[in-house]
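Colleague: Pasting the sequence and the predicted coordinates here, then a few questions.
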Amino acid sequence: MIQVSPSAAEHIQELKNKENIPKEKALRISIKEGGCSGFSYKLDFDKKKSESDKIFKSNGVPLVIEGKSLLYIMGMTLDYEGGLNGKGFIFSNPNAKDTCGCGTSFGV
């Protein structure tokens with residue numbers, strides 16, 4: 001399961017409203033090779049779902065995660081910090097053995 005914090009859920013809804021993203025589009029969380037530590041996170045809004053996708057809902061946010069990506073991020077919490085010194089989305093991934101300083105790249 002993937003958890004979305006209340007502040008991340010609020011920010012995701014604000015983004016959808018600001019960008020006029022249809023309500024039925026889910027947040028797709030995926031990983032791709034690259035970044036300082038080996039893998040990086042990718043967030044998109046997506047309406048398409050494939051057979052290998054897993055569907056979750058956390059704090060009212062529909063999530064879609066491709067099966068391979070789920071192996072690397074299962075148990076992750078997506079948080080959001082805003083404000084003057086805010087960092088944006090924060091990925092707390094219990095599977096990450098290494099992370100880079102920017103927080104968007106990890107190694108397993």
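Modeller: Thanks, I have it.
Colleague: rest of the way, CA atoms for contacts and neighbours
Modeller: OK.
Colleague: what about the residue of the chain positioned farthest from its centre, which SS state?
Modeller: When each C-alpha in the chain is compared with the mean C-alpha position (CA atoms, centre = their mean), Leu84 comes out farthest, at 22.1 Å. At Leu84 the chain is in coil, as set by DSSP: H, G, I helix; E, B strand; the rest coil.
Colleague: do the same with Pro22
Modeller: coil.
Colleague: Got the phi and psi for the closest residue to it other than its chain neighbours?
Modeller: Residue nearest to Pro22 in three dimensions, not counting chain neighbours: Lys16, with 7.2 Å by CA to CA, 6 or more residues apart in numbering. Backbone geometry at Lys16, expressed as degrees, to the nearest 10, gives phi -60, psi -40.
Colleague: With Asn93 instead?
Modeller: Dihedral angles (degrees, to the nearest 10) for Asn93: phi -110, psi 110.
Colleague: Look up the closest residue to it, ignoring the ones flanking it.
Modeller: Asn93 sits nearest to Met76 (CA to CA, 6+ apart), 4.4 Å away.
Colleague: quick one: low-confidence parts of this protein?
Modeller: Applying pLDDT under 70 to the chain picks out residues 34-37, 97-108.
Colleague: Next, name the residue at the spatial heart of it.
Modeller: Closest-to-mean residue, the chain, CA atoms, centre = their mean: Ile29 / 4.3 Å.
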